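Enquirer: Next comes the sequence, and after it the predicted model I'd like to discuss.
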Amino acid sequence: MRGLSDAICRQVAEFRAAALPPAAAEAAKLALLDATGVMLAASGLSPEVQPFVSLAKAGGSGPCGVLGTGISATAPMAALANGAMAHALDFEDAFDRSPGHPNASLVPALIALAHAEGPVDGIRYLTALALGGDLSCRLGLALRQEMEQGGWYPPPILAGLGAAVGAAKLLGLDATATRDALSLMLCQSVMPGEIKHSQGTVIRAVREGFPAQGAVISALLAREGVAGFEEPLEGCSGFYALYAGGKFAPEDLLEGLGERFHITELTFKPWPSCRGTHAFIELALELAARHGFGPRDVLAIEAGIDRVQQMLVEPLARKQAPATVIDAKFSIPFCIAVAIGQGGVDLDSFSASALRDPALLDLSGKVSAIMDDNLGWQRGTGGRLAITLADGRRLEASCTTALGSPEKPLGSERLIAKFVDCAGRAARPLAEDKARALADRILDLENCADVGALLRA
């Protein structure tokens, strides 16, 4: 295992943009489109991000934009604010196989550096995004002990390490400095699992602000010559020792490195809630449409879940009546209730008033869960639903993967429509024609001479 970090950082530093596979470039463009739209929407819809935006503004003017607000800030502070927006609505892309959100801190970090270090052309930007996102996915795939065993919450930790490497690539750092950036990110890369258990906190919503800012700081300090560790990943007290008891598979990190990019396997969310709730939203909508029942017809609902989805139903009383918007988005009972009670799930579905809606709370209170790890789906991505109606009928459906996955993709047109809807909800909304024009330019990013200028406008 010795030399593993060196091998990875050397490959990243020496990777030439011309070698980026077309499929990886296309996936990177879709990731940027989706992430930018979600951040724009959060600027106008999420009160949880406002302290981060205010702090960025108070930190003084700089070359970087806080998306959707017209505020300028320094690179670290812009990354903090945009990173908080990236997950605030729980609408960003996901990597189901780990699972994780490889772009939630990476894209905000790269946007900040594209503003600060410009001009950064589209090919350079896409290459950094593809390499950083791929490493985040690989870090998760290589785990042979769940990080949760140590009390950690993996997605922001994995995403932050990938973001640091992507930021190093954007800055053009050599292999040693890239390893330094990875090491410096390891010094900041923490996220306790307590965010899953605390009822009142909204940290779970804005969590990606911290790794996004850390990635920018790590790459900039590495460029200034701050030395890191020789073995940040494989060392006796490195990443895998600290977070996974030293249990990992190096081959999952190295196999196809620079040739196969896991960001081509991303899931893009059709609904703004935790990925583990999506199968149940899809099944609830499908059963309601097929059988024509309404909320008042429902007697009981049984959700068949796996171990990953357990956090979305426990403690059951709390998940049936969530106290915060982000907790509602991490609740299978409440998401099922929204799907049936509102006839759909969108950015208007989760609000303070929805959390107090007696009809939704009544329906959510009828949901129970049964654990079954042998249901045949990938961790947290499938589900089984059984709905008992007052007339005695029992309706059942199941799926192994929910809409938006590589097996059931949304398609570019639906992603563009999602972007337009999100951009129209920004603190400074974009008109539909301007949003569509921006989407077209993002999807043609390889011909963009200055990504920072494009996104600043």
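Expert: All right, it came through fine.
Enquirer: so where is the stretch 201-350 of the chain shaky, pLDDT-wise?
Expert: By pLDDT under 70, the stretch 201-350 of the chain has no low-scoring segment.
Enquirer: The same query, at a cut-off of 90, please.
Expert: By pLDDT under 90, the low-scoring segments of the stretch 201-350 of the chain are 201, 307-308.
Enquirer: Please, where are all the strands along it?
Expert: 298-305 (DSSP state E, counting those that start in this stretch).
Enquirer: Run a quick check on Ala81 versus Ala56, I expect a contact.
Expert: Yes: in this structure, Ala81 is within contact of Ala56 by CB atoms under 8 Å, at 4.0 Å. C-beta: built from backbone N, CA, C; applies to glycine.
Enquirer: How about the contacts made by Ala79?
Expert: Cys64, Pro108, Ala109, Ile111, Ala112, Gly209, Ala212, Gln213, Ala215, Val216 (CB atoms under 8 Å, 6 or more residues apart in numbering).
Enquirer: how much space is there between the third one and Ala167?
Expert: In other words, Ala109. The gap separating Ala109 from Ala167 is 5 Å, by CB to CB, to the nearest Å.
Enquirer: Quick check: buried residues in stretch 421-428?
Expert: The neighbour-count check on stretch 421-428 (16 or more other CB atoms under 10 Å) flags Cys422, Ala423, Gly424, Arg425, Ala426, Ala427 as buried.
Enquirer: Might one say that the fifth one is in contact with Gly65?
Expert: No: the pair formed by Ala426 and Gly65 falls short of the contact definition of CB under 8 Å, at 11.9 Å.
Enquirer: Can you say which helix or strand has Leu395 in it?
Expert: strand 394-399 (DSSP states H and E).
Enquirer: Pull out the buried positions in whichever helix or strand comes after that strand.
Expert: Remark: after strand 394-399, the chain's next helix or strand is helix 412-423, criterion DSSP H and E. Using 16+ other CB under 10 Å as the test for burial, helix 412-423 gives Leu415, Ile416, Lys418, Phe419, Val420, Cys422, Ala423.
Enquirer: could you redo the residues you listed as a markdown table and give each row pLDDT and distance to Ala205?
Expert: Below are the buried residues of helix 412-423 laid out as a markdown table (pLDDT from 0 to 100; distance: CB to CB, whole Å):
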| residue | pLDDT | distance to Ala205 |
| --- | --- | --- |
| Leu415 | 98 | 22 |
| Ile416 | 98 | 25 |
| Lys418 | 98 | 19 |
| Phe419 | 98 | 21 |
| Val420 | 98 | 23 |
| Cys422 | 98 | 16 |
| Ala423 | 98 | 20 |
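Enquirer: circling back: most neighbours among the contacts of Ala79, which one?
Expert: Ala109 (39 neighbours; other CB atoms under 10 Å).
Enquirer: show me the contacts for it.
Expert: Residues counted as contacts of Ala109 (CB under 8 Å, 6+ apart) are Ala79, Gly83, Ala163, Ala164, Gly166, Ala167, Ala212, Gln213, Ala215, Val216, Ala219.
Enquirer: Among those residues, which one sits closest to Thr277?
Expert: Of all the contacts of Ala109, Gly83 has the smallest distance to Thr277: 22.8 Å, by CB to CB.
Enquirer: Check the burial of that closest one by counting its neighbours.
Expert: Neighbours of Gly83 (other CB under 10 Å): 36.
Enquirer: ok so, going back, could you dump the buried residues of stretch 421-428 to TSV with distance to Pro21?
Expert: Shown next, in TSV, are those (distance: CB to CB, whole Å):
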residue	distance to Pro21
Cys422	28
Ala423	29
Gly424	33
Arg425	34
Ala426	33
Ala427	37
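Enquirer: between Ala109 and Ala167, what contacts are shared?
Expert: The contact lists of Ala109 and Ala167 share Ala215, Val216, Ala219, where a contact means CB under 8 Å, 6+ apart.
Enquirer: sorry, back to before: just the closest of the contacts of Ala109 to Leu360, please.
Expert: When these are compared against Leu360 (criterion: CB to CB), the nearest one is Gly83, at 30.6 Å.
Enquirer: where does the closest one land in three-state SS?
Expert: helix (DSSP: H, G, I helix; E, B strand; the rest coil).
Enquirer: list the contacts for it?
Expert: Counting by CB under 8 Å, 6+ apart, the residues that Gly83 touches are Ala104, Ser105, Pro108, Ala109, Glu208, Gly209, Phe210, Pro211, Ala212, Gln213.
Enquirer: Can you give the distance from stretch 46-62 to the centre of its chain?
Expert: 21 Å (CA atoms, centre = their mean, to the nearest Å).
Enquirer: And Glu194, how close does it get to Cys64?
Expert: 31 Å.
Enquirer: so what are the domain limits for this protein?
Expert: Listed by automatic domain parsing, the domain ranges of the chain are 4-270+415-456, 275-399.
Enquirer: what's the residue located most distally from the centre of the chain sitting at in phi/psi?
Expert: No residue in the chain sits farther from the centre than Asp391, which is 41.1 Å out by CA atoms, centre = their mean. Dihedral pair for Asp391: phi -80, psi 10, per degrees, to the nearest 10.
Enquirer: ok, for it, nearest residue in space, not its chain neighbours?
Expert: Spatial nearest neighbour of Asp391, excluding adjacent residues (CB to CB, 6 or more residues apart in numbering): Asp297 at 7.2 Å.
Enquirer: just Leu363 next, same as before
Expert: Ala337 (3.9 Å).
Enquirer: Tell me how far that neighbour lies from Pro99.
Expert: Ala337 is 24 Å from Pro99, by CB to CB.
Enquirer: between these two, who's got more neighbours?
Expert: It is Ala337, of Ala337 and Pro99, that has more neighbours when counted by other CB under 10 Å, with 28 against 21.
Enquirer: separation between that one and Ser331?
Expert: Distance, Ala337 to Ser331, using CB to CB: 9 Å.
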